[in-house]
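In: my questions are about this predicted structure, shown below with the sequence.
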Amino acid sequence: MAYLTVNDGVKQFATFRALNGVSIAVERGEFFTLLGPSGCGKTTLLRAIAGFNDLSSGSIMLDGKDLRAIPPHKRDIGMVFQDYAVFPHLSVFDNVAFGLKPRKVPAEQIKTRVAEALSAVHLQALAERLPAAMSGGQQQRIGLARAMVINPQLLLMDEPLSNLDAKLRIELREEIRDIQKRVDIATIYVTHDQEEALAISDRICVMSAGHIEQIGTPQQIYGDPQTLFVANFVGTLNTLVAGEGLSRLLADLGLGRAAAHWTVRPERLSLVESGATAPVGAVVVSGTVNKFTYLGREAHVLVDTAAGPVVVQVSNPALGAVRNPGDTVSVLFERNALMAFDADGKRLSL
Ligand code: ATP
């Protein structure tokens, strides 16, 4: 049995069902991320595990114990919040020591454990400072140290990087990942940022409207999405437009299967010389450039083709690789790059 399991979790708020039969199994030491759009139920699930709101039905087991039977303050869980939740009138040291006092840890041990936690988040030099004068990134490090210092059975983090600017988010997410691997505490992390989820997680659970769409490693979620929702939410996706052009493309690729949705990721398409012969398992389709967006390490070229408009991602665009609206270009479609989904959004194997 996994270390933490939620089995068939349901949460009903009056007439609204925020969780509709959710099951997850998290392993010891695992970094497990709940990813999904606003309102899909991530926070509701996290708060049920923390004990802030109970499930309407379903079970939550942690290391063989029924968590729902344990009041929140007795659960051995460290929590990190989006808004840091540090006490402005307490020093950094006292903020981190806060959780240890009710646990009756002797004063000497408090000193060493707080020092260790502060050193893990690189705040040892600021122990005597008041948080008010500190940056958002530093305040969140205090939050992280405070959650870890109790040496919990489980760490829960609810969008801890949301209030930070883009550069700091990336820095701190790397740090959180490193620290979590070092302390080896199973962690459930909530985010709506797909790139953050891919970068930080051992496994990702993609949620939508109170249910789970897919659970898998970042590679599985991105590279082998099982539903149209996952394929759209994680990464970008071209949806091909049904019609004669698409039918011809599918026939040329030897894809006879009828599907409701045909899609391809921009980075799986490429621009080739006009008149180029396609390798086996691929076809060249001509089109007209509609828009060229230069982004530095890549460019996005929107091309109108017979199978509808598609974005082609060009990596490391060379100086002079600019395409202008109206230019005729050739797009290489590879059979393996296409993903098909049925009318319910379920992935079809090709
Ligand atoms: P966000 O990223 O915006 O925090 P989320 O995925 O964490 O979104 P939840 O906060 O879990 O979403 O909320 C899920 C749904 O449950 C939302 O539609 C929300 O409005 C609803 N909800 C949450 N708490 C309550 C409540 N106390 N009463 C009624 N509805 C609630």
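Out: That came through, no problem.

In: can you tell me which residues in the stretch 1-150 of the chain are near the ligand?
Out: Contact residues, the stretch 1-150 of the chain versus the ligand (Cβ under 6 Å from any ligand atom): 13, 16, 18, 36, 38-44. (Each C-beta comes from the backbone N, C-alpha and C, glycine too.)

In: mind listing the helices for the stretch 51-200 of the chain?
Out: 92-97, 107-120, 136-149, 166-183, 194-200 (DSSP state H, counting those that start in this stretch).

In: just give the nearest non-adjacent residue to the most far-flung residue of the chain relative to its centre, would you?
Out: Of all residues in the chain, G275 has its C-alpha farthest from the mean position, at 40.8 Å, by Cα atoms, centre = their mean. Using Cβ to Cβ, 6 or more residues apart in numbering and skipping residues adjacent in sequence, the residue nearest G275 is S330, 7.6 Å away.

In: element containing the one you found?
Out: Element membership for S330 (DSSP states H and E) is strand 328-334.

In: please work out the average pLDDT along that strand.
Out: For strand 328-334, mean pLDDT is 96.

In: what residues of that strand count as buried?
Out: Under the neighbour-count criterion of 16 or more other Cβ atoms under 10 Å, strand 328-334 has 329-334 buried.

In: can you list those in a markdown table and add distance to P152?
Out: A markdown table is the format used below for the buried residues of strand 328-334 (distance: Cβ to Cβ, whole Å):
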| residue | distance to P152 |
| --- | --- |
| V329 | 55 |
| S330 | 57 |
| V331 | 52 |
| L332 | 51 |
| F333 | 50 |
| E334 | 47 |
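
In: check contacts around L164.
Out: By Cβ atoms under 8 Å, 6 or more residues apart in numbering, L164 lies in contact with 136-137, 140, 172.

In: make it 10 Å
Out: By Cβ atoms under 10 Å, 6 or more residues apart in numbering, the contact list for L164 reads 82, 135-137, 139-140, 170-173.

In: likewise L255?
Out: Here L255 is in contact with 249, 262, 335, 338, 340, 350 (criterion: Cβ under 10 Å, 6+ apart).

In: picking up where we left off before, in this structure the residue nearest to G275 contacts S274, no?
Out: Yes. Applying Cβ atoms under 10 Å, one finds S330 in contact with S274, separated by 4.8 Å.

In: shared neighbours of these two, anything?
Out: What both S330 and S274 touch, as defined by Cβ under 10 Å, 6+ apart, is the set 284, 286.

In: and the helix or strand P309 falls within, which residues are buried?
Out: P309 belongs to strand 308-315 when elements are defined using DSSP H and E. By neighbour count on 16+ other Cβ under 10 Å, the buried set for strand 308-315 is 308-314.

In: please parse this protein into its domains.
Out: Domain assignment for the chain by automatic domain parsing gives 4-233, 238-348.

In: need the distance between the two termini of the first one.
Out: By Cα to Cα, to the nearest Å, the extent of domain 4-233 from end to end equals 26 Å.

In: show me where the stretch 201-350 of the chain has strands.
Out: Secondary structure of the stretch 201-350 of the chain (DSSP state E, counting those that start in this stretch): strands at 203-208, 211-216, 238-239, 261-264, 270-272, 282-294, 298-305, 308-315, 328-334, 339-341, 347-348.

In: most neighbours per residue, which of those strands?
Out: strand 203-208 (a mean of 24; mean count of other Cβ atoms under 10 Å).

In: partners of that strand, with directions?
Out: Looking at strand 203-208 with DSSP bridges, its partner strands are strand 31-35 (parallel), strand 211-216 (antiparallel).
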